[in-house]
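> I would like the atomic coordinates for the input below:
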Amino acid sequence: MNPFAPKKEELNDSAYWVMVEKIRDLVPGAAGRTAEFESLGIPTNVLCDGPAGLRINPMRKGDSNTYFCTAFPIATLLASSWDTALVRSVGEAMGNEVLEYGADVILGPGMNLQRNPLCGRNFEYYSEDPLITGKMAAAMVRGIQSQGVGTSIKHFAVNNQETNRNTVNTIVSERALRELYLEGFRIAVQEGQPWTVMSSYNKINGAYTSESHDLLTKILRNDWGFKGYVMTDWGGGKDPVAQMKAGNDLLMPGSGKQISEIIQAVKEGKLEEKVLDKNVENILNIVLKSPKFRGYANSNKPDLKAHAEVTRKAAAEGMVLLKNGNNALPFSNIKKVAIFGVGSFNLISGGTGSGDVNEAYTVSLVQGLENAGLSIEEKSMKEQLDHIQKAKAKQPKQLFFFMPPAVIPEFSVKPALASAAAQNADAALITISRISGEGADRKAEKGDFYLSDEEVNLIKIVSSAFHAAGKKVVVVLNIGGVIETASWRDIPDAVLLAWQPGQEAGNSIADVLLGKVNPSGKLACTFPMKYDDVPSAKNFPGIELPDTSTRKPGSPLEEAFLRAKPAEVVYEEDIFVGYRYFTTFNVPVAYEFGYGLSYTTFDVSNLVASSGQFAGKYEFSVDVKNTGNTPGREVVQVYLSAPAGKLVKPAEKLVAFAKTSLLQPGETQTLHFVLTPRDLASFDEATSTWIAEKGNYEVRAGVSSLDIRQKATFELAKNLTVEKNTKALVPEREIKVLRP
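Alright, predicted model coming up:
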């Protein structure tokens with residue numbers, strides 16, 4: 001049941017309900033549809049959820065066929081590949097399923113910034129960095145839309161938490177908005193040309209985003225040139241007339257009350273018809289591009305087998321090797337493995353809520369290893385499967401499909417069982433899993449951001465037993481967002497960050513563990529030493545304000561999705577988010593932004609620049625050589641350090657990146673980069689301009705934000721005004737922001 005669906009008693013128009021009944025089952029499980037006007041030749045457009053794959057019902061009443069979709073890797077994993085071509089290929093497969101299952105627009109990609117590691121929907125989002133976010137989203141949009149269907153990039157904007165998401169007023173500086181929270185969207189809009197944009201639930205500096213003319217017209221259309229239409233998130237905003245005036249063209253899922261308010265406003269002269277004409281024009285321009293309008297006859301039979309291969313490859317490419325002591329990986333001369341951890345048998349393919357997918361299967365780690373030719377130590381596996389079965393029998397019924405299932409307690413392994421396993425197996429694998437999703441944020445507690453006591457004991461007991469037998473232990477992190485690792489990472493021999501890898505999870509993990517794929521993923525988010533080190537920790541997720549309404553608490557569904565308690569959050573960390581903060585303030589981290597190991601080694605050398613002066617652009621190249629014994633890929637990350645001036649700046653910011661092809665041992669590839677004036681610029685609130693301040697800039701080419709291999713400097717002779725923007729989204733009050 002859709003909690004946002006219009007109630008029949010709201011509308012007495014029988015023609016409306018005839019139309020609704022006709023189109024609602026075109027694609028069962030779709031999130032929504034636009035209105036159809038058959039006499040005018042205007043078809044409905046079907047909108048489906050889908051940041052990690054199309055979400056529709058797999059079964060249909062009276063139909064023996066199945067309509068499963070591919071569960072692709074989560075966005076955070078895809079960003080960790082640092083490979084836009086790979087992400088585009090995922091988009092192409094995803095878009096094909098949208099097309100063949102009869103939908104028109106997929107509601108994704110999600111691309112809010114990962115401001116804080118506890119945001120419940122970080123799994124849907126790419127990175128803490130706007131450049132990675134924008135480039136990945138643009139690649140995904142291009143891939144999906146290459147199939148003749150549309151995307152809806154979301155949630156525009158600053159939807160960086162789930163707590164009080166429907167009401168929270170986000171107070172943030174113009175500069176942080178422009179440089180961080182809007183920048184990824186700008187890149188995606190200008191480079192990807194998405195058909196639609198979805199406004200978010202929250203307020204920005206006092207106005208709901210769907211009612212913000214500053215956001216939706218001044219910035220999105222005037223400054224960036226967006227040509228598609230804007231839709232609300234489901235049930236977003238309060239005032240439909242204000243939404244029309246702001247440039248939020250489509251209200252989802254729509255209600256009779258909203259229609260009545262808009263008609264009444266026109267009659268009373270409070271809403272000009274030309275505003276509605278423009279809203280309708282924006283929608284129709286996209287409808288005219290849709291498969292429905294083109295008369296495309298969908299097959300309902302996408303090539304799911306081929307798409308499974310795409311997700312298997314993409315997942316392996318985005319996994320990050322965090323530790324590999326004593327060359328524990330890849331497995332060599334390993335025939336039998338002991339498997340520990342509930343997650344090993346119940347791998348989590350993705351998050352919950354609208355980012356979930358109804359896939360036909362998820363390959364477990366056990367299945368993946370067996371498919372790769374390994375055998376599993378039976379006694380320890382049997383005891384854990386018995387534990388899982390008993391725990392599942394005690395689980396409460398899931399109240400709503402958006403809500404995550406109850407967590408199965410971790411298996412309490414006895415030292416004797418671990419020792420016996422160590423005698424019977426060649427190595428041990430321990431999986432630590434986390435699930436998160438829509439409607440709630442994570443907690444900085446044991447069992448969530450921190451490992452539970454049972455999980456730590458599991459790692460300690462298994463590692464002790466296997467190390468006593470001279471055998472290796474590998475921890476696999478099957479997680480959707482950042483967790484604490486510093487306190488326990490020294491115990492096992494290796495740590496592989498597998499993220500939530502989609503439906504081929506076990507096969508993809510096995511490909512990396514056995515060396516079929518050399519890991520080349522790099523972190524697109526920082527792993528802090530502890531949660532309190534995160535710059536937004538002290539103000540996430542903000543505060544609840546006095547509630548003057550007479551609202552009574554509702555069901556868990558209502559509380560999660562329709563909660564209306566007023567709240568606010570102040571972004572006091574300002575522009576210092578993620579690595580920008582940790583590097584500028586010299587705060588130690590567990591694993592820095594851009595970090596990731598390989599089974600081989602690389603040399604980054606020979607930085608050659610076109611000039612020591614910036615004259616419209618700055619071109620340079622670096623050589624990357626595989627100096628090890630295994631074929632592999634490396635990511636070169638380019639950071640820029642700007643001179644001191646009027647504007648405070650972070651110690652460095654990412655301005656470019658590139659990933660090599662698969663380099664054979666001894667092979668060298670030259671990577672070329674071009675920096676533009678925009679790469680040098682910061683946003684000046686006083687003039688609403690992007691300016692590059694004169695002085696000496698340092699280019700830093702490396703393999704992480706802290707592992708810089710080559711440097712060069714160039715001079716900008718005079719201040720440069722790069723771009724003029726509209727004055728917009730000014731905070732209601734002065735913000736005391738963080739400064740070095």
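> can you count the residues close to the nearest residue to D453 once chain neighbours are set aside?
Spatial nearest neighbour of D453, excluding adjacent residues (C-beta to C-beta, 6 or more residues apart in numbering): K446 at 6.5 Å. Backbone N, C-alpha and C define where each C-beta goes, glycine included. Counted by other C-beta atoms under 10 Å, the residues lying close to K446 total 14.
> return the per-residue confidence for K446.
In the predicted model, K446 carries a pLDDT score of 97.
> what's the distance between it and V462?
19 Å (C-beta to C-beta, to the nearest Å).
> swap in D239?
Taken as C-beta to C-beta, the span from D239 to V462 is 57 Å.
> so which of those two has more stuff around it?
V462 (28 against 15).
> ok, the residue nearest to D453 touching E454?
No. Using C-beta atoms under 8 Å, K446 is not in contact with E454, being 9.2 Å away.
> overlap in contacts of the two?
With C-beta atoms under 8 Å, 6 or more residues apart in numbering applied, the contact sets of K446 and E454 do not overlap.
> I'd guessed R442 sits against I479; true?
No. R442 lies out of contact with I479 (C-beta under 8 Å); the separation is 10.2 Å.
> okay, the closest residue to R442 other than its chain neighbours: pLDDT?
Nearest residue to R442, sequence neighbours excluded (C-beta to C-beta, 6+ apart): L118, at 4.3 Å. L118 is assigned 98 on the pLDDT scale.
> can you give me phi and psi for the residue nearest to D453?
phi -70, psi 140 (degrees, to the nearest 10).
> quick check: bridge partners of it?
Y450 (DSSP bridges).
> distance of it relative to M231?
40 Å.
> can you check E36 too?
In terms of C-beta to C-beta, E36 sits 16 Å off from M231.
> common neighbours of R442 and I479, please.
Taking C-beta under 8 Å, 6+ apart as the contact rule, R442 and I479 both touch R434.
> what about the stretch 401-550 of the chain, any weak spots by pLDDT?
401-403, 550 (pLDDT under 70).
> quick one, strands of it?
Secondary structure of the stretch 401-550 of the chain (DSSP state E, counting those that start in this stretch): strands located at 427-433, 472-478, 494-497, 527-528, 543-544.
> and these: which comes nearest L369?
For L369, the closest of the strands of the stretch 401-550 of the chain is strand 427-433, at 7.8 Å, according to C-beta to C-beta.
> show me what the closest one packs onto, helices and strands only.
If you count contacts as 3 or more C-beta pairs under 8 Å, 6 or more residues apart in numbering; DSSP states H and E, strand 427-433 packs onto strand 336-340, helix 342-345, helix 365-371, helix 453-468, strand 472-478.
> just the C-alphas of stretch 156-169, formatted as PDB.
Taking C-alpha atoms only, stretch 156-169 is exported to PDB below (Å, rounded to 0.1, in the frame of the first residue of the first chain):
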ATOM      1  CA  PHE A 156      17.600  17.900  -4.700                       C
ATOM      2  CA  ALA A 157      19.000  19.000  -2.400                       C
ATOM      3  CA  VAL A 158      20.900  18.700   1.000                       C
ATOM      4  CA  ASN A 159      18.900  15.500   1.900                       C
ATOM      5  CA  ASN A 160      21.800  14.300   4.100                       C
ATOM      6  CA  GLN A 161      19.800  12.600   6.800                       C
ATOM      7  CA  GLU A 162      16.700  10.600   7.300                       C
ATOM      8  CA  THR A 163      15.900  11.800  10.800                       C
ATOM      9  CA  ASN A 164      12.900  14.300  10.600                       C
ATOM     10  CA  ARG A 165      13.600  14.300   6.800                       C
ATOM     11  CA  ASN A 166      10.100  15.700   6.100                       C
ATOM     12  CA  THR A 167      10.500  18.800   8.200                       C
ATOM     13  CA  VAL A 168      14.100  19.500   9.000                       C
ATOM     14  CA  ASN A 169      15.300  22.900   8.200                       C
END
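> any buried residues in it, and which?
156-169 (16 or more other C-beta atoms under 10 Å).
> out of those, what pair is the most spread apart?
F156 and T163 (19.2 Å).
> coming back round to it: separation between the residue nearest to R442 and T163?
From L118 to T163 the distance is 9 Å (C-beta to C-beta).
> go ahead and confirm N333 touches D426.
Yes. Under the criterion of C-beta under 8 Å, N333 makes contact with D426 at 7.3 Å.
> neighbour-wise, which of the two wins?
Neighbour count, other C-beta under 10 Å: between N333 and D426, D426 has more, with 20 against 6.
> grab the nearest non-local neighbour of the more buried one.
Closest to D426 by C-beta to C-beta, 6+ apart is I334, at 4.5 Å.
> again, but for V172
Y571 is the one closest to V172 (C-beta to C-beta, 6+ apart), at 4.1 Å.
> the one you found: how many residues sit nearby?
There are 27 residues near Y571, going by other C-beta under 10 Å.
> ok, it to R178 distance?
13 Å.
> equivalent analysis for E652, please.
19 Å.
> OK, contacts around F602?
Applying C-beta under 8 Å, 6+ apart to F602 gives the contacts 624-628, 632, 634, 663, 703.
> neighbour-wise, which of the residues you listed leads?
Counting by other C-beta under 10 Å, top hit in these: V624 with 27 neighbours.
> in the protein, which residue is most central in space?
Y125 (1.6 Å; C-alpha atoms, centre = their mean).
> would you agree it is in contact with R115?
No. Using C-beta under 8 Å as the test, Y125 is too far from R115 to be in contact (9.6 Å).
> which stretches of the stretch 251-400 of the chain form strands?
320-324, 336-340, 375-376.
> quick one: closest of those to T583.
strand 320-324 (19.1 Å).
> ok, and what's touching the closest one?
So strand 320-324 is contacted by 80, 329, 477, 485, 489, 492-497, 499, 512, 519, 521-523, 527, 591, 595-599 (C-beta under 8 Å, 6+ apart).
> PyMOL command for the buried members of the residues you listed?
Per 16+ other C-beta under 10 Å, the buried members of those correspond to this PyMOL selection:
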select buried, resi 80+329+477+485+489+492+493+494+495+496+497+499+512+519+521+522+523+527+591+595+596+597+598+599
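> if we can go back for a sec, count the residues that sit near the residue nearest to R442.
26.
> quick one: contacts for it?
441-444, 449, 481, 531, 540-541.
> looking at the helices and strands packed on strand 427-433, which is closest to G225?
strand 472-478 (40.7 Å).
> next SSE after the worst-scoring helix or strand of the chain on mean pLDDT?
Taking mean pLDDT, DSSP states H and E as the measure, helix 556-561 is the helix or strand of the chain with the lowest mean score, a mean of 56. Once the chain leaves helix 556-561, the next helix or strand it forms, by DSSP states H and E, is strand 567-570.
> now do that following strand: distance to the chain's middle.
23 Å (C-alpha atoms, centre = their mean, to the nearest Å).
> elements contacting that strand?
Contacts defined by 3+ C-beta pairs under 8 Å, 6+ apart place strand 567-570 against strand 169-171, strand 543-544.
> packed most tightly, which of the ones you listed would that be?
strand 169-171 (a mean of 22; mean count of other C-beta atoms under 10 Å).
> parallel or antiparallel, list what pairs with that strand.
Short version: by DSSP bridges, strand 169-171 pairs with strand 203-204 (parallel), strand 567-570 (parallel).
> now the last one - C-alpha only, PDB.
It refers to strand 567-570. The C-alpha atoms that make up strand 567-570 are tabulated as PDB, following Å, rounded to 0.1, in the frame of the first residue of the first chain:
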ATOM      1  CA  ALA A 567      13.500  20.200  13.500                       C
ATOM      2  CA  GLU A 568      16.600  22.000  12.300                       C
ATOM      3  CA  VAL A 569      20.300  21.200  11.700                       C
ATOM      4  CA  VAL A 570      23.100  23.700  11.300                       C
END
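> residues contacting the helix or strand just after that strand, please?
The helix or strand immediately downstream of strand 567-570 is helix 579-584, counting by DSSP H and E. Contact with helix 579-584 is made by 128-129, 526, 528, 533, 535, 573, 576, 587-589, 592-594, 650-654, 705-706, 738, 740, as judged by C-beta under 8 Å, 6+ apart.
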